[in-house]
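1. any chance you can model this:
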Amino acid sequence: MTRWIQERLKLSLAHTQARLALVLTVSVFLIILAVSMTSYYTSKSVLQEELSVPQHQMLQLHKNAIEEAIREIDQVAVQIAINSNIYKFLTGPEQNSYANVSAIYQMLSTRVANSPYIKSIYVYDIARGSFVSIPQGYSSSKLTFPDSEWIGVAGEFGDDVTLIKKREVPEGTGNKGSELTLFRKILIQGRFKGMIAVNLKEEELFGKLDPMAFSNVDSTRYIIDRNGEVLYSVSNYDFDQKAAGQVLASLRENERGDLTFRDRKLLVNQLESSLTGWHYVSIVSQDSLLAKSKKIRNATLWVSVAALAVGALTIFYINKAAFRPVRRLRRLFNAYGGKPKDAERADLEKLAGEVLSHHAHLSQLVRETLPEAASKYLFDVYSGQIAGRRDIREKWGRFFPNWTEVPYYAAVLSIDDYDAWSRRFQGSDHSLLKFAIANITAELFEPFWRIVCADFGGDRTALLLQPRDERAEPPQAVLAQAVDTVSRLLKFTVTAGVSMPRTDVEQIRQALLEAENAATYRLYRGYGQVVPFQEISGHETLDARPREAELEELAAAAETGDEMRSLELLERWMQGVRNDYGYPSVTLAFLHTALERLDGMETDCETERDSPERLDTLTLDDIEAKLRKRAADLAGHYRRQAESKDFVLCRRMIEYMKQHYGEPIGVPEIADAAGVSSSLASQLFKQETNETIYNYLTLLRMERASEMLRKTDRKISEVAQLVGYQHENSFIRSFRKFKDVTPGKYRDMMKTRIEATLE
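-> As a prediction, the model looks like this:
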């Protein structure tokens with residue numbers, strides 16, 4: 001059935017008159033649809049604007065009034081905080097003074113009576129945990145103050161001095177439920193000494209949000225705090241409060257907008273208070289406002305659908321009358337060819353043109369895919385997937401039809417420092433950059449050379465080159481231009497290796513291996529070079545002496561933390577590698593072994609590497625720099641590790657002294673606690689703290705003794721025994737040495753100073 005419908009549609013649209021009727025019908029449909037939708041949304045926008053502006057203005061006025069009330073309440077809190085009786089309550093020695101508490105109670109009562117928004121006021125002393133409040137009065141502890149669970153808000157201020165939040169009131173306070181409370185810090189000389197909690201009358205503070213006052217439409221208003229909780233809501237119709245959270249999530253930073261909630265269209269306005277961070281939200285139902293506009297929209301839509309139906313009937317009539325002869329010809333073609341029905345044969349004039357077009361398209365595809373097939377052939381020969389002589393020659397003739405018996409060359413372009421190149425460019429750009437390398441090279445070789453490029457993965461791009469005539473420059477010269485152009489345009493360097501000239505197509509793999517081998521001599525020659533295989537084919541090496549012992553010596557020096565020794569050994573070792581001048585493959589294998597040896601040591605440290613680094617695209621100098629950095633990092637790590645052990649031992653000795661300073665201990669006992677000898681303990685402690693163990697212990701004892709002399713009335717002999725002195729005279733001598741005064745005079749001085757402060 002579906003295929004029959006598709007066939008009928010193709011037959012219908014094949015006729016010019018049918019297509020014209022379809023275009024006119026669709027155009028009329030779209031015009032009517034556009035007019036209807038434009039009218040609807042225009043009227044909707046006008047109505048929304050007419051309703052939104054006064055709603056927004058009233059919301060702004062009410063927000064300003066509430067903020068003014070909050071500022072007034074905050075000023076009350078400020079005046080309470082700077083009151084002299086509050087200062088005495090927080091700092092005086094006798095906090096429960098009847099006169100002071102009475103004065104505070106009278107002052108708080110006056111503040112509550114003079115403000116229509118304040119229900120009650122609490123003052124809390126953080127240090128002593130006491131309260132004075134209206135109407136509860138004075139409480140010396142939170143255990144006797146029923147509404148005390150809010151004191152944890154002290155940790156929520158941050159850098160602010162004022163905080164407004166809704167809190168739950170515990171049972172037993174007489175006000176079960178929730179309270180809206182303004183909290184304010186009390187700072188004395190920069191120190192957080194207490195808090196003021198002003199409990200607010202919500203109905204008086206938010207009473208102006210009454211929906212009956214602003215219009216006769218269905219409306220709701222919310223006040224939502226910074227945490228997304230509803231502080232206050234008022235509505236003249238049933239509306240789910242969960243919509244408030246959805247309103248904020250949908251509007252984000254916008255002040256107004258539309259929202260669909262449970263199949264209801266809502267007009268939303270919101271304002272954010274810079275003073276409190278609250279969101280003032282007004283929600284108005286649009287259903288009754290837009291009812292007539294929807295009727296107009298629906299009527300216009302039905303008219304457009306009717307116009308579309310008339311156009312469809314017109315197309316059907318045109319095809320029924322005009323396609324009778326075409327259908328008869330089509331039946332003849334199907335009967336002659338024995339093929340299934342094809343809707344495209346309705347237009348007989350296109351049959352010959354389609355056949356020629358298909359043939360031209362196939363020819364174009366063959367021409368476009370031939371270079372890709374040649375590149376694939378080059379890679380398959382290199383990787384050994386095409387190895388038979390017959391297979392190599394057969395596919396050579398197929399993919400290289402224009403190549404002659406003239407000698408060819410193989411070349412390999414390798415990206416220098418491939419790891420750094422991979423990190424520098426995004427993975428999605430790698431293929432594009434390698435294509436740019438191949439394109440630059442091809443542009444420079446043409447028109448005097450035939451060239452095929454193949455991506456061998458990673459850093460390598462392979463080339464197969466054959467000169468077209470005698471005017472062709474040597475391949476080394478053209479490759480040098482390509483290397484220079486890549487460096488200038490792409491801002492990175494490549495190294496090229498060129499094979500010996502070959503005539504036998506069966507030696508393509510050998511030529512590619514020669515070019516690849518030549519490119520590895522970048523290790524000694526540097527970046528951005530063109531290396532012909534002919535120059536390095538006679539490379540002879542000296543008998544390299546084993547260097548495993550030197551590598552182990554380097555590792556041992558790093559483990560001892562001797563960075564200078566490690567770098568000296570590495571420099572001497574690398575100079576030996578240069579003097580050996582071995583084959584790059586052998587040298588790189590040994591350098592890989594050295595790097596793996598150092599990386600193996602790093603696994604015990606804090607460094608772990610995602611994948612092993614490649615050295616085959618680096619010069620010998622860069623490899624040496626990497627090894628130097630690894631060796632220096634390892635030596636530094638092991639040195640820090642040794643130093644950290646000394647620090648831990650010192651901390652252990654200090655903790656022991658803090659716990660046992662009241663006992664007759666000395667250096668031997670402290671050293672035993674750390675598990676080291678007395679001499680080593682003294683050496684490590686002096687090295688880490690620049691202080692002797694004896695002086696540190698004596699200073700610790702004197703500080704504890706000073707504290708007891710200030711805060712207690714114990715006898716001096718008793719204090720001496722509590723800090724580890726068996727004889728009072730020894731204690732007095734040590735105390736005078738550190739404090740320049742005897743213990744008795746020190747106690748008298750501190751008492752005099754405290755009494756002067758209280759007065």
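2. lowest-confidence helix or strand of the chain?
-> For the chain, the helix or strand with the lowest mean confidence is helix 324-337, at a mean of 58 (criterion: mean pLDDT, DSSP states H and E).
3. can you give me the neighbour number for the closest residue to Leu684 other than its chain neighbours?
-> Beyond its immediate neighbours in the sequence, the residue positioned closest to Leu684 (C-beta to C-beta, 6 or more residues apart in numbering) is Asp646, lying 4.9 Å away. Heads up, the C-betas are built off the backbone N, CA and C, glycines and all. When neighbours are defined as other C-beta atoms under 10 Å, Asp646 has 16 of them.
4. model confidence score at Asp646, please.
-> At Asp646, the model reports a pLDDT of 76.
5. next one: Tyr661
-> Here, the pLDDT recorded for Tyr661 equals 90.
6. from Ile670, how far off is it?
-> For Tyr661, the distance to Ile670 (C-beta to C-beta, to the nearest Å) stands at 11 Å.
7. so between these two, which is more surrounded?
-> Between Tyr661 and Ile670, Ile670 has the larger neighbour count (other C-beta under 10 Å), namely 24 against 18.
8. for the helix or strand hosting that one, packing partners?
-> Remark: Ile670 resides in helix 667-674, with elements defined by DSSP states H and E. Other helices and strands packing on helix 667-674, by 3 or more C-beta pairs under 8 Å, 6 or more residues apart in numbering; DSSP states H and E, are helix 620-660, helix 678-689, helix 693-711.
9. nearest to Asp459, of the ones you listed?
-> In this view, the helices and strands packed on helix 667-674 are compared for proximity to Asp459 by C-beta to C-beta, and helix 620-660 is the closest at 14.4 Å.
10. ok, back up a step: pull up the overlap in contacts between Tyr661 and Ile670.
-> Here Tyr661 and Ile670 have Leu697 as joint contacts, going by C-beta atoms under 8 Å, 6 or more residues apart in numbering.
11. from Val153, how far off is Arg167?
-> Here Arg167 is placed at a distance of 8 Å from Val153 (C-beta to C-beta).
12. ugh, typo on my part, it should be Ser428
-> According to C-beta to C-beta, Ser428 stands 51 Å off from Val153.
13. equivalent analysis for Arg424, please.
-> To Val153, Arg424 is 52 Å away according to C-beta to C-beta.
14. for Ser27, same thing?
-> Relative to Val153, Ser27 is positioned 67 Å away (criterion: C-beta to C-beta).
15. which one's more surrounded, these two?
-> Of the pair Ser27 and Val153, Val153 is the one with more neighbours under other C-beta under 10 Å, namely 16 against 12.
16. for Pro475, see how far away the more buried one is.
-> In this structure, Val153 and Pro475 are 81 Å apart, going by C-beta to C-beta.
17. likewise Leu554?
-> As defined by C-beta to C-beta, Leu554 lies at a distance of 43 Å from Pro475.
18. give me the nearest residue to Thr260, chain neighbours excluded.
-> Leu266 (7.2 Å).
19. now do the domain split for this protein, please.
-> When the chain is parsed into structural domains using automatic domain parsing, the resulting residue ranges are 82-204, 210-289, 366-536, 548-642, 691-758.
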